[in-house]
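Let me see the structure of the following:
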Amino acid sequence: MPSTIGKRIRELRKELKMTQSELAEPEMKKSMLSHIENGYANPSMKNLEHIARKLNKPIGYFFQDDIVYENNSVPKNQISFDEIIVELNNIDNLIQKKKYDSTKKEIIKFLSEYKFNEKSKIYGDIIYRLASCEIMLGELEEGEKHINIACNIYIENILFVDAARACMKLLKMHIKNFQYNKALPLLEKIYELYGKSTSKDIFFEIEMLIVQPAIYFAKGEFEKTIQICEEVISLSNQNRIYYLLDDAYRMMAITFLLHDNHDKFLFNMDKARKYVEFTNNRLNLIKLNHNYAKYKNMINRPLEALKYLEIYELNDEKKTFYYYIEHGKAEYYLGNYNKSLEDLNKVNCGNKVYYMMDCIYILTSKIYIGLNYNKLNEFQKAIEEIEEAITKIESYTRSEYLGFVIYANKELGFAYECLSEIYSEKGEYSKAYTLLKKSNELKVIYKNINFK
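Next up, the predicted model:
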(Lines give C-alpha, C1' and ligand atoms only; values in the text may rest on other atoms or scores of the structure.)
Protein backbone atom coordinates (compact mmCIF):
# COMPACT_ATOMS: atom_id res chain seq x y z
CA MET A 1 0.00 0.00 0.00
CA PRO A 2 1.20 3.58 -0.58
CA SER A 3 3.43 5.14 2.04
CA THR A 4 0.80 7.91 2.45
CA ILE A 5 -1.44 5.31 4.12
CA GLY A 6 0.80 5.28 7.18
CA LYS A 7 0.88 9.06 7.23
CA ARG A 8 -2.92 9.29 7.14
CA ILE A 9 -3.24 6.71 9.92
CA ARG A 10 -0.79 8.62 12.12
CA GLU A 11 -2.43 12.02 11.48
CA LEU A 12 -5.93 10.74 12.20
CA ARG A 13 -4.80 8.82 15.32
CA LYS A 14 -3.18 11.98 16.76
CA GLU A 15 -6.23 14.04 15.85
CA LEU A 16 -8.35 11.63 17.89
CA LYS A 17 -5.75 11.69 20.69
CA MET A 18 -5.22 7.92 20.55
CA THR A 19 -1.98 6.19 21.49
CA GLN A 20 -0.43 3.60 19.21
CA SER A 21 -1.29 0.90 21.74
CA GLU A 22 -4.94 1.97 21.86
CA LEU A 23 -5.22 1.84 18.08
CA ALA A 24 -3.27 -1.36 17.60
CA GLU A 25 -4.81 -3.59 20.25
CA PRO A 26 -6.10 -6.26 20.19
CA GLU A 27 -5.54 -7.17 16.53
CA MET A 28 -1.98 -5.85 16.14
CA LYS A 29 1.23 -5.22 18.01
CA LYS A 30 2.19 -1.63 18.74
CA SER A 31 5.53 -2.18 16.96
CA MET A 32 3.75 -3.21 13.76
CA LEU A 33 1.57 -0.10 13.83
CA SER A 34 4.69 2.02 14.34
CA HIS A 35 6.29 0.44 11.25
CA ILE A 36 3.12 1.13 9.24
CA GLU A 37 2.88 4.77 10.32
CA ASN A 38 6.54 5.38 9.46
CA GLY A 39 6.25 3.75 6.03
CA TYR A 40 8.46 0.75 6.84
CA ALA A 41 5.64 -1.79 6.59
CA ASN A 42 2.18 -2.02 5.10
CA PRO A 43 -0.99 -3.26 6.77
CA SER A 44 -2.72 -6.40 5.65
CA MET A 45 -6.33 -6.00 4.58
CA LYS A 46 -7.39 -7.49 7.93
CA ASN A 47 -5.27 -4.98 9.86
CA LEU A 48 -6.46 -2.09 7.71
CA GLU A 49 -10.10 -3.04 8.39
CA HIS A 50 -9.29 -3.04 12.13
CA ILE A 51 -7.60 0.39 11.91
CA ALA A 52 -10.43 1.88 9.82
CA ARG A 53 -13.01 0.58 12.26
CA LYS A 54 -11.19 2.07 15.28
CA LEU A 55 -10.65 5.41 13.51
CA ASN A 56 -14.30 5.41 12.36
CA LYS A 57 -13.39 5.78 8.69
CA PRO A 58 -14.25 3.76 5.57
CA ILE A 59 -11.31 1.83 4.11
CA GLY A 60 -11.53 3.98 1.00
CA TYR A 61 -10.46 7.00 3.07
CA PHE A 62 -6.90 5.68 3.12
CA PHE A 63 -6.86 5.23 -0.68
CA GLN A 64 -8.36 8.50 -1.86
CA ASP A 65 -5.29 9.24 -4.01
CA ASP A 66 -5.50 5.92 -5.84
CA ILE A 67 -8.10 7.05 -8.37
CA VAL A 68 -7.84 10.34 -10.23
CA TYR A 69 -10.18 11.86 -12.79
CA GLU A 70 -9.55 14.07 -15.77
CA ASN A 71 -9.75 17.82 -14.95
CA ASN A 72 -10.47 16.89 -11.32
CA SER A 73 -14.08 16.13 -12.28
CA VAL A 74 -15.81 13.05 -10.89
CA PRO A 75 -17.53 10.96 -13.58
CA LYS A 76 -21.06 9.70 -13.14
CA ASN A 77 -19.76 6.18 -12.70
CA GLN A 78 -17.54 7.09 -9.72
CA ILE A 79 -16.17 4.03 -7.94
CA SER A 80 -15.34 3.71 -4.27
CA PHE A 81 -12.45 1.74 -2.86
CA ASP A 82 -14.86 -0.88 -1.52
CA GLU A 83 -16.24 -1.29 -5.04
CA ILE A 84 -12.68 -1.68 -6.34
CA ILE A 85 -12.16 -4.53 -3.87
CA VAL A 86 -15.38 -6.18 -5.08
CA GLU A 87 -14.18 -5.84 -8.69
CA LEU A 88 -10.76 -7.32 -7.81
CA ASN A 89 -12.49 -10.21 -6.06
CA ASN A 90 -14.56 -10.84 -9.20
CA ILE A 91 -11.37 -10.78 -11.26
CA ASP A 92 -9.70 -13.21 -8.86
CA ASN A 93 -12.68 -15.57 -9.12
CA LEU A 94 -12.41 -15.56 -12.91
CA ILE A 95 -8.66 -16.28 -12.68
CA GLN A 96 -9.34 -19.13 -10.27
CA LYS A 97 -11.76 -20.59 -12.83
CA LYS A 98 -8.97 -20.26 -15.44
CA LYS A 99 -11.05 -17.92 -17.61
CA TYR A 100 -7.98 -15.92 -18.54
CA ASP A 101 -9.24 -14.39 -21.77
CA SER A 102 -12.46 -13.15 -20.13
CA THR A 103 -10.49 -11.85 -17.16
CA LYS A 104 -8.07 -9.96 -19.38
CA LYS A 105 -10.97 -8.24 -21.18
CA GLU A 106 -12.58 -7.39 -17.82
CA ILE A 107 -9.35 -5.83 -16.53
CA ILE A 108 -8.80 -3.78 -19.69
CA LYS A 109 -12.39 -2.53 -19.49
CA PHE A 110 -11.93 -1.69 -15.80
CA LEU A 111 -8.75 0.30 -16.51
CA SER A 112 -10.43 2.18 -19.37
CA GLU A 113 -13.38 3.28 -17.22
CA TYR A 114 -11.30 4.86 -14.47
CA LYS A 115 -7.99 6.69 -14.47
CA PHE A 116 -5.99 5.30 -11.57
CA ASN A 117 -3.00 6.83 -9.86
CA GLU A 118 -0.33 4.85 -11.68
CA LYS A 119 1.99 4.97 -8.68
CA SER A 120 -0.53 3.40 -6.29
CA LYS A 121 -0.64 -0.14 -5.00
CA ILE A 122 -4.18 -0.57 -6.32
CA TYR A 123 -2.95 0.13 -9.84
CA GLY A 124 -0.03 -2.26 -9.31
CA ASP A 125 -2.43 -4.98 -8.13
CA ILE A 126 -4.60 -4.57 -11.23
CA ILE A 127 -1.60 -4.62 -13.58
CA TYR A 128 -0.24 -7.70 -11.78
CA ARG A 129 -3.50 -9.54 -12.44
CA LEU A 130 -3.42 -8.46 -16.09
CA ALA A 131 0.14 -9.85 -16.37
CA SER A 132 -0.96 -13.13 -14.78
CA CYS A 133 -3.66 -13.56 -17.44
CA GLU A 134 -1.28 -12.67 -20.29
CA ILE A 135 1.27 -15.20 -19.08
CA MET A 136 -1.37 -17.95 -18.90
CA LEU A 137 -2.56 -17.01 -22.41
CA GLY A 138 1.00 -17.37 -23.71
CA GLU A 139 1.41 -13.62 -24.27
CA LEU A 140 4.78 -13.74 -22.60
CA GLU A 141 6.28 -10.46 -23.80
CA GLU A 142 3.28 -8.42 -22.62
CA GLY A 143 3.07 -10.45 -19.43
CA GLU A 144 6.72 -9.81 -18.59
CA LYS A 145 6.33 -6.10 -19.34
CA HIS A 146 3.35 -5.76 -17.00
CA ILE A 147 5.00 -7.82 -14.26
CA ASN A 148 7.93 -5.40 -14.34
CA ILE A 149 5.56 -2.41 -14.15
CA ALA A 150 3.79 -3.90 -11.13
CA CYS A 151 7.11 -4.77 -9.51
CA ASN A 152 8.42 -1.21 -9.89
CA ILE A 153 5.21 0.22 -8.40
CA TYR A 154 5.56 -2.05 -5.38
CA ILE A 155 9.21 -1.07 -4.92
CA GLU A 156 8.35 2.65 -5.07
CA ASN A 157 5.76 2.04 -2.35
CA ILE A 158 8.27 0.11 -0.20
CA LEU A 159 6.26 -3.07 -0.77
CA PHE A 160 9.22 -5.37 -1.16
CA VAL A 161 7.38 -8.62 -0.45
CA ASP A 162 4.74 -7.73 -3.06
CA ALA A 163 7.54 -6.91 -5.52
CA ALA A 164 9.20 -10.24 -4.76
CA ARG A 165 5.88 -12.05 -5.33
CA ALA A 166 5.47 -10.32 -8.68
CA CYS A 167 8.96 -11.45 -9.69
CA MET A 168 8.04 -14.96 -8.56
CA LYS A 169 5.29 -15.02 -11.19
CA LEU A 170 7.93 -14.16 -13.80
CA LEU A 171 10.30 -16.83 -12.47
CA LYS A 172 7.60 -19.50 -12.76
CA MET A 173 7.00 -18.35 -16.33
CA HIS A 174 10.69 -18.95 -17.13
CA ILE A 175 10.56 -22.41 -15.55
CA LYS A 176 7.41 -23.29 -17.48
CA ASN A 177 9.16 -22.30 -20.71
CA PHE A 178 12.34 -24.24 -19.82
CA GLN A 179 14.37 -21.01 -19.45
CA TYR A 180 16.20 -22.19 -16.34
CA ASN A 181 19.26 -19.99 -16.93
CA LYS A 182 17.00 -16.93 -16.74
CA ALA A 183 15.43 -18.22 -13.56
CA LEU A 184 18.51 -18.16 -11.32
CA PRO A 185 19.38 -14.42 -11.70
CA LEU A 186 15.71 -13.62 -11.12
CA LEU A 187 15.74 -15.80 -8.02
CA GLU A 188 18.63 -13.70 -6.67
CA LYS A 189 16.56 -10.55 -7.28
CA ILE A 190 13.60 -12.06 -5.42
CA TYR A 191 15.78 -12.81 -2.39
CA GLU A 192 17.27 -9.32 -2.55
CA LEU A 193 13.82 -7.71 -2.58
CA TYR A 194 12.53 -9.91 0.20
CA GLY A 195 15.61 -9.12 2.30
CA LYS A 196 14.69 -5.40 2.23
CA SER A 197 11.34 -6.01 3.87
CA THR A 198 11.01 -5.42 7.61
CA SER A 199 8.13 -7.91 7.82
CA LYS A 200 8.79 -11.58 7.17
CA ASP A 201 6.53 -14.17 5.63
CA ILE A 202 7.54 -17.78 6.36
CA PHE A 203 5.08 -19.09 3.80
CA PHE A 204 6.69 -17.01 1.07
CA GLU A 205 10.17 -18.06 2.24
CA ILE A 206 9.10 -21.67 1.68
CA GLU A 207 7.64 -20.76 -1.71
CA MET A 208 10.98 -19.19 -2.68
CA LEU A 209 12.66 -22.48 -1.82
CA ILE A 210 10.15 -24.87 -3.40
CA VAL A 211 10.60 -23.41 -6.91
CA GLN A 212 14.32 -24.14 -6.84
CA PRO A 213 14.47 -27.96 -7.12
CA ALA A 214 13.10 -27.79 -10.68
CA ILE A 215 15.92 -25.41 -11.62
CA TYR A 216 18.74 -27.39 -10.02
CA PHE A 217 17.33 -30.69 -11.29
CA ALA A 218 17.42 -29.27 -14.83
CA LYS A 219 21.02 -28.21 -14.34
CA GLY A 220 21.94 -31.70 -13.17
CA GLU A 221 22.80 -30.49 -9.65
CA PHE A 222 20.98 -33.35 -7.94
CA GLU A 223 22.60 -32.99 -4.53
CA LYS A 224 21.57 -29.32 -4.53
CA THR A 225 18.04 -30.43 -5.46
CA ILE A 226 17.90 -32.68 -2.40
CA GLN A 227 19.47 -30.00 -0.19
CA ILE A 228 16.82 -27.42 -1.11
CA CYS A 229 14.02 -29.91 -0.45
CA GLU A 230 15.54 -30.63 2.96
CA GLU A 231 15.63 -26.88 3.68
CA VAL A 232 11.91 -26.66 2.89
CA ILE A 233 11.21 -29.51 5.29
CA SER A 234 13.40 -28.01 8.01
CA LEU A 235 11.90 -24.49 7.73
CA SER A 236 8.37 -25.83 7.66
CA ASN A 237 8.91 -28.08 10.68
CA GLN A 238 10.71 -25.37 12.68
CA ASN A 239 7.74 -23.06 12.28
CA ARG A 240 5.18 -25.86 12.77
CA ILE A 241 3.28 -24.93 9.63
CA TYR A 242 3.96 -28.07 7.53
CA TYR A 243 3.60 -26.02 4.35
CA LEU A 244 4.43 -27.69 1.00
CA LEU A 245 6.03 -30.66 2.76
CA ASP A 246 4.27 -33.06 0.38
CA ASP A 247 5.89 -31.27 -2.59
CA ALA A 248 9.34 -31.35 -1.00
CA TYR A 249 9.22 -35.06 -0.15
CA ARG A 250 7.75 -35.94 -3.57
CA MET A 251 10.48 -34.04 -5.45
CA MET A 252 13.14 -35.80 -3.41
CA ALA A 253 11.49 -39.13 -4.18
CA ILE A 254 11.51 -38.41 -7.94
CA THR A 255 15.18 -37.44 -7.81
CA PHE A 256 16.09 -40.68 -6.02
CA LEU A 257 13.99 -42.74 -8.45
CA LEU A 258 15.88 -41.28 -11.40
CA HIS A 259 19.05 -42.63 -9.79
CA ASP A 260 17.48 -46.03 -9.06
CA ASN A 261 17.66 -45.53 -5.29
CA HIS A 262 14.42 -47.33 -4.57
CA ASP A 263 14.73 -47.35 -0.78
CA LYS A 264 15.02 -43.57 -0.56
CA PHE A 265 12.32 -43.21 -3.19
CA LEU A 266 9.87 -45.23 -1.10
CA PHE A 267 10.86 -43.51 2.16
CA ASN A 268 10.20 -40.04 0.72
CA MET A 269 7.03 -41.13 -1.08
CA ASP A 270 5.59 -42.49 2.16
CA LYS A 271 6.39 -39.18 3.87
CA ALA A 272 4.78 -37.25 1.02
CA ARG A 273 1.69 -39.47 1.13
CA LYS A 274 1.13 -38.75 4.84
CA TYR A 275 1.16 -34.99 4.26
CA VAL A 276 -1.01 -35.26 1.14
CA GLU A 277 -3.61 -37.16 3.15
CA PHE A 278 -3.30 -34.61 5.97
CA THR A 279 -3.77 -31.59 3.66
CA ASN A 280 -6.20 -33.36 1.31
CA ASN A 281 -4.28 -31.98 -1.69
CA ARG A 282 -6.05 -33.68 -4.58
CA LEU A 283 -3.55 -32.64 -7.26
CA ASN A 284 -0.61 -34.01 -5.30
CA LEU A 285 -2.57 -37.18 -4.54
CA ILE A 286 -2.86 -37.71 -8.31
CA LYS A 287 0.87 -37.08 -8.75
CA LEU A 288 1.79 -39.49 -5.96
CA ASN A 289 -0.33 -42.31 -7.35
CA HIS A 290 1.25 -41.77 -10.76
CA ASN A 291 4.73 -41.94 -9.21
CA TYR A 292 3.84 -45.13 -7.31
CA ALA A 293 2.43 -46.70 -10.51
CA LYS A 294 5.58 -45.75 -12.43
CA TYR A 295 7.74 -47.39 -9.76
CA LYS A 296 5.64 -50.57 -9.71
CA ASN A 297 5.95 -50.89 -13.49
CA MET A 298 9.71 -50.37 -13.21
CA ILE A 299 9.99 -53.40 -10.89
CA ASN A 300 7.53 -55.42 -13.04
CA ARG A 301 4.57 -55.43 -10.68
CA PRO A 302 1.86 -54.31 -13.11
CA LEU A 303 -1.13 -55.41 -11.02
CA GLU A 304 0.04 -53.16 -8.19
CA ALA A 305 0.59 -50.35 -10.70
CA LEU A 306 -3.02 -50.71 -11.86
CA LYS A 307 -4.27 -50.38 -8.27
CA TYR A 308 -2.53 -47.02 -7.93
CA LEU A 309 -3.92 -45.95 -11.29
CA GLU A 310 -7.43 -46.78 -10.10
CA ILE A 311 -6.96 -44.25 -7.27
CA TYR A 312 -5.52 -41.82 -9.84
CA GLU A 313 -8.64 -42.23 -11.98
CA LEU A 314 -10.96 -41.62 -9.04
CA ASN A 315 -9.33 -38.22 -8.51
CA ASP A 316 -8.84 -37.19 -12.14
CA GLU A 317 -11.50 -38.19 -14.64
CA LYS A 318 -9.63 -36.44 -17.48
CA LYS A 319 -6.81 -39.03 -17.53
CA THR A 320 -3.76 -37.20 -18.85
CA PHE A 321 -0.73 -38.76 -20.56
CA TYR A 322 0.65 -39.66 -17.11
CA TYR A 323 -2.22 -42.11 -16.67
CA TYR A 324 -2.20 -43.58 -20.18
CA ILE A 325 1.56 -44.20 -20.28
CA GLU A 326 1.65 -46.15 -17.01
CA HIS A 327 -1.65 -47.93 -17.71
CA GLY A 328 -0.31 -48.91 -21.13
CA LYS A 329 2.92 -50.20 -19.57
CA ALA A 330 1.01 -52.27 -17.03
CA GLU A 331 -1.16 -53.83 -19.73
CA TYR A 332 1.98 -54.62 -21.73
CA TYR A 333 3.63 -56.40 -18.79
CA LEU A 334 0.39 -58.35 -18.25
CA GLY A 335 0.47 -59.50 -21.88
CA ASN A 336 -2.57 -57.47 -22.93
CA TYR A 337 -0.90 -56.02 -26.00
CA ASN A 338 -3.95 -54.66 -27.81
CA LYS A 339 -5.23 -52.99 -24.63
CA SER A 340 -1.78 -51.54 -24.10
CA LEU A 341 -1.74 -50.11 -27.62
CA GLU A 342 -5.16 -48.59 -27.05
CA ASP A 343 -3.82 -46.73 -24.00
CA LEU A 344 -0.51 -45.65 -25.49
CA ASN A 345 -2.06 -44.39 -28.72
CA LYS A 346 -4.03 -41.89 -26.62
CA VAL A 347 -0.77 -40.19 -25.67
CA ASN A 348 -0.17 -37.05 -27.72
CA CYS A 349 3.58 -36.59 -28.09
CA GLY A 350 2.99 -32.96 -29.00
CA ASN A 351 1.39 -32.14 -25.64
CA LYS A 352 2.54 -28.94 -23.95
CA VAL A 353 4.10 -29.91 -20.63
CA TYR A 354 5.39 -28.00 -17.60
CA TYR A 355 8.72 -29.84 -17.28
CA MET A 356 11.18 -30.73 -20.02
CA MET A 357 11.61 -34.11 -18.31
CA ASP A 358 7.99 -34.87 -19.26
CA CYS A 359 8.78 -34.19 -22.93
CA ILE A 360 11.18 -37.13 -22.76
CA TYR A 361 8.80 -39.21 -20.64
CA ILE A 362 6.01 -38.81 -23.22
CA LEU A 363 8.32 -40.17 -25.93
CA THR A 364 8.82 -43.39 -23.96
CA SER A 365 5.23 -44.23 -24.94
CA LYS A 366 6.51 -44.85 -28.47
CA ILE A 367 9.05 -47.35 -27.14
CA TYR A 368 6.25 -49.36 -25.54
CA ILE A 369 4.11 -49.06 -28.67
CA GLY A 370 7.03 -50.66 -30.50
CA LEU A 371 7.31 -53.42 -27.88
CA ASN A 372 3.61 -54.19 -28.28
CA TYR A 373 3.91 -54.41 -32.07
CA ASN A 374 6.84 -56.74 -31.61
CA LYS A 375 4.74 -59.09 -29.46
CA LEU A 376 2.02 -58.97 -32.14
CA ASN A 377 4.66 -59.96 -34.75
CA GLU A 378 4.45 -56.64 -36.56
CA PHE A 379 8.21 -56.20 -36.61
CA GLN A 380 8.47 -53.33 -39.08
CA LYS A 381 5.98 -51.20 -37.15
CA ALA A 382 7.84 -52.04 -33.94
CA ILE A 383 11.17 -50.91 -35.38
CA GLU A 384 9.71 -47.70 -36.84
CA GLU A 385 8.11 -46.66 -33.53
CA ILE A 386 11.24 -47.24 -31.46
CA GLU A 387 13.54 -45.63 -34.04
CA GLU A 388 11.29 -42.56 -34.04
CA ALA A 389 11.48 -42.46 -30.24
CA ILE A 390 15.28 -42.71 -30.38
CA THR A 391 15.57 -39.88 -32.91
CA LYS A 392 13.39 -37.56 -30.84
CA ILE A 393 14.91 -38.45 -27.46
CA GLU A 394 18.42 -37.96 -28.87
CA SER A 395 17.58 -34.30 -29.50
CA TYR A 396 17.41 -33.82 -25.70
CA THR A 397 20.96 -35.16 -25.26
CA ARG A 398 22.09 -31.91 -26.88
CA SER A 399 20.24 -29.79 -24.31
CA GLU A 400 22.17 -27.13 -22.39
CA TYR A 401 20.71 -28.61 -19.20
CA LEU A 402 22.66 -31.56 -17.84
CA GLY A 403 19.75 -33.00 -15.86
CA PHE A 404 17.72 -33.62 -18.98
CA VAL A 405 20.75 -34.94 -20.86
CA ILE A 406 21.18 -37.54 -18.13
CA TYR A 407 17.51 -38.56 -18.18
CA ALA A 408 17.46 -38.67 -21.99
CA ASN A 409 20.51 -40.96 -22.02
CA LYS A 410 18.84 -43.28 -19.52
CA GLU A 411 15.74 -43.65 -21.72
CA LEU A 412 17.89 -43.96 -24.84
CA GLY A 413 19.73 -46.89 -23.25
CA PHE A 414 16.39 -48.60 -22.69
CA ALA A 415 15.21 -47.84 -26.25
CA TYR A 416 18.37 -49.31 -27.83
CA GLU A 417 18.03 -52.39 -25.64
CA CYS A 418 14.42 -52.90 -26.78
CA LEU A 419 15.40 -52.43 -30.43
CA SER A 420 18.22 -54.93 -29.97
CA GLU A 421 15.75 -57.54 -28.72
CA ILE A 422 13.52 -57.05 -31.75
CA TYR A 423 16.41 -57.53 -34.22
CA SER A 424 17.55 -60.54 -32.25
CA GLU A 425 14.09 -62.12 -32.58
CA LYS A 426 14.26 -61.43 -36.32
CA GLY A 427 17.58 -63.29 -36.44
CA GLU A 428 19.59 -60.18 -37.35
CA TYR A 429 22.19 -60.82 -34.67
CA SER A 430 24.88 -58.46 -35.95
CA LYS A 431 22.46 -55.52 -35.85
CA ALA A 432 21.18 -56.67 -32.47
CA TYR A 433 24.72 -56.82 -31.07
CA THR A 434 25.56 -53.30 -32.29
CA LEU A 435 22.40 -51.89 -30.69
CA LEU A 436 23.01 -53.76 -27.42
CA LYS A 437 26.56 -52.41 -27.31
CA LYS A 438 25.20 -48.89 -27.76
CA SER A 439 22.70 -49.50 -24.97
CA ASN A 440 25.42 -50.73 -22.59
CA GLU A 441 27.60 -47.70 -23.36
CA LEU A 442 24.76 -45.37 -22.39
CA LYS A 443 24.13 -47.35 -19.21
CA VAL A 444 27.79 -47.05 -18.21
CA ILE A 445 27.63 -43.28 -18.68
CA TYR A 446 24.49 -43.15 -16.60
CA LYS A 447 25.90 -45.35 -13.81
CA ASN A 448 28.99 -43.14 -13.54
CA ILE A 449 26.95 -40.17 -12.34
CA ASN A 450 28.13 -39.23 -8.87
CA PHE A 451 25.17 -38.85 -6.57
CA LYS A 452 24.71 -39.68 -2.93
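
buried set for the strand or helix carrying Lys109?
Lys109 belongs to helix 100-113 when elements are defined using DSSP states H and E. For helix 100-113, burial by neighbour count (16 or more other C-beta atoms under 10 Å) applies to Tyr100, Thr103, Lys104, Glu106, Ile107, Phe110. (Glycine included, C-beta is placed from N, CA and C.)

where's Ser197 relative to Arg165, distance?
11 Å (C-beta to C-beta, to the nearest Å).

My error: substitute Asn268 in the last question.
29 Å.

which of those two has more neighbours?
Between Asn268 and Arg165, counted using other C-beta atoms under 10 Å, the more crowded position is Asn268 (25 against 21).

How about that one, nearest residue that isn't a chain neighbour?
Excluding the flanking residues, the one nearest Asn268 by C-beta to C-beta, 6 or more residues apart in numbering is Ala253, at 3.8 Å.

Might you report the residue contacts of that neighbour?
Lys264, Phe265, Leu266, Phe267, Asn268, Met269, Ala272, Asn291 (C-beta atoms under 8 Å, 6 or more residues apart in numbering).

Skipping its backbone neighbours, what lies nearest the fourth one in space?
Spelled out, it's Phe267. Closest to Phe267 by C-beta to C-beta, 6+ apart is Ala253, at 8.0 Å.

Could you measure from Ser365 over to Asn239?
42 Å.

More neighbours: the two, which one.
For Ser365 versus Asn239, neighbours defined as other C-beta under 10 Å are more numerous around Ser365 (24 against 13).

any low-confidence regions in the stretch 351-452 of the chain?
For the stretch 351-452 of the chain, the stretches with pLDDT under 70 are 446-452.

on that earlier part again, check for me that the residue nearest to Asn268 belongs to a strand.
No: secondary structure of Ala253, determined by DSSP: H, G, I helix; E, B strand; the rest coil: helix, with no strand assignment.

Could you break the protein into its assigned domains?
3-64, 354-452 (automatic domain parsing).

Can you show me the strands along the stretch 51-200 of the chain?
All strands of the stretch 51-200 of the chain, identified by DSSP state E, counting those that start in this stretch, fall at 67-68, 115-116.

what is the rounded mean pLDDT of the last one?
When pLDDT is averaged over strand 115-116, the result is 80.

related to what we said a few turns ago, got the contacts of Ala253 as JSON lines, with secondary structure and pLDDT columns?
As requested, these are exported to JSON lines (DSSP: H, G, I helix; E, B strand; the rest coil; pLDDT from 0 to 100):
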{"residue": "Lys264", "secondary structure": "helix", "pLDDT": "97"}
{"residue": "Phe265", "secondary structure": "helix", "pLDDT": "97"}
{"residue": "Leu266", "secondary structure": "helix", "pLDDT": "97"}
{"residue": "Phe267", "secondary structure": "helix", "pLDDT": "97"}
{"residue": "Asn268", "secondary structure": "helix", "pLDDT": "97"}
{"residue": "Met269", "secondary structure": "helix", "pLDDT": "97"}
{"residue": "Ala272", "secondary structure": "helix", "pLDDT": "95"}
{"residue": "Asn291", "secondary structure": "helix", "pLDDT": "96"}
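
Any of the residues you listed buried? List them.
Buried among the contacts of Ala253 (16+ other C-beta under 10 Å): Lys264, Phe265, Asn268, Met269, Ala272, Asn291.

Throw those into TSV and include distance to Glu49, thanks.
Shown next, in TSV, are those (distance: C-beta to C-beta, whole Å):
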residue	distance to Glu49
Lys264	48
Phe265	47
Asn268	42
Met269	43
Ala272	38
Asn291	43
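
Now flag whichever of those residues is closest to Leu258.
Distance to Leu258 across the buried ones among the contacts of Ala253 (C-beta to C-beta) is lowest for Phe265, with 9.1 Å.

what's the pLDDT at the residue nearest to Phe267?
Looking at Ala253, the pLDDT reads 97.

Against Asn157, how distant is it?
41 Å.

repeat for Asn237
34 Å.

same check, this time on Met356
Taking C-beta to C-beta, one finds Met356 at 37 Å from Asn157.

do Ile422 as well
Counting by C-beta to C-beta, the gap from Ile422 to Asn157 is 65 Å.

same question, Ile233
According to C-beta to C-beta, Ile233 and Asn157 sit 34 Å apart.

give the contact list for the closest residue to Leu33 other than its chain neighbours.
Using C-beta to C-beta, 6+ apart and skipping the chain neighbours, the partner closest in space to Leu33 is Ala24 (4.2 Å). Residues in contact with Ala24 (C-beta under 8 Å, 6+ apart) are Lys30, Met32, Leu33.

Between those, which sits nearest Ile360?
Met32 (49.3 Å).

Redo the contacts of Ala253 as JSON lines? Include distance to Glu385.
Shown next, in JSON lines, are these (distance: C-beta to C-beta, whole Å):
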{"residue": "Lys264", "distance to Glu385": "33"}
{"residue": "Phe265", "distance to Glu385": "29"}
{"residue": "Leu266", "distance to Glu385": "32"}
{"residue": "Phe267", "distance to Glu385": "36"}
{"residue": "Asn268", "distance to Glu385": "34"}
{"residue": "Met269", "distance to Glu385": "31"}
{"residue": "Ala272", "distance to Glu385": "34"}
{"residue": "Asn291", "distance to Glu385": "25"}
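
Of the residues you listed, which is the nearest to Leu88?
Ala272 (34.6 Å).

was I right about that closest one contacting Leu244?
No: counting by C-beta atoms under 8 Å, Ala272 stays clear of Leu244, with 10.7 Å between them.

anything in contact with each of those two?
With C-beta under 8 Å, 6+ apart applied, the contact sets of Ala272 and Leu244 do not overlap.

ok but Gly6 is inside a helix, no?
Yes: assessed by three-state DSSP, Gly6 belongs to a helix.

Buried residues, stretch 132-145. List them.
Using 16+ other C-beta under 10 Å as the test for burial, stretch 132-145 gives Ser132, Cys133, Glu134, Ile135, Met136, Glu139, Leu140, Gly143, Glu144.

Do I have it right that the second one meets Lys105?
Spelled out, that is Cys133. No: judged on C-beta under 8 Å, Cys133 makes no contact with Lys105 at a distance of 9.2 Å.

Just to check, Cys151 is in contact with Ala163?
Yes: here Cys151 reaches Ala163: they are 4.8 Å apart, a contact under C-beta under 8 Å.

ok so, going back, distance of the residue nearest to Asn268 relative to Leu363?
23 Å.

and if you look at Ile190?
According to C-beta to C-beta, Ile190 stands 33 Å off from Leu363.

Kindly report the same for Arg240.
From Arg240 to Leu363 the distance is 43 Å (C-beta to C-beta).
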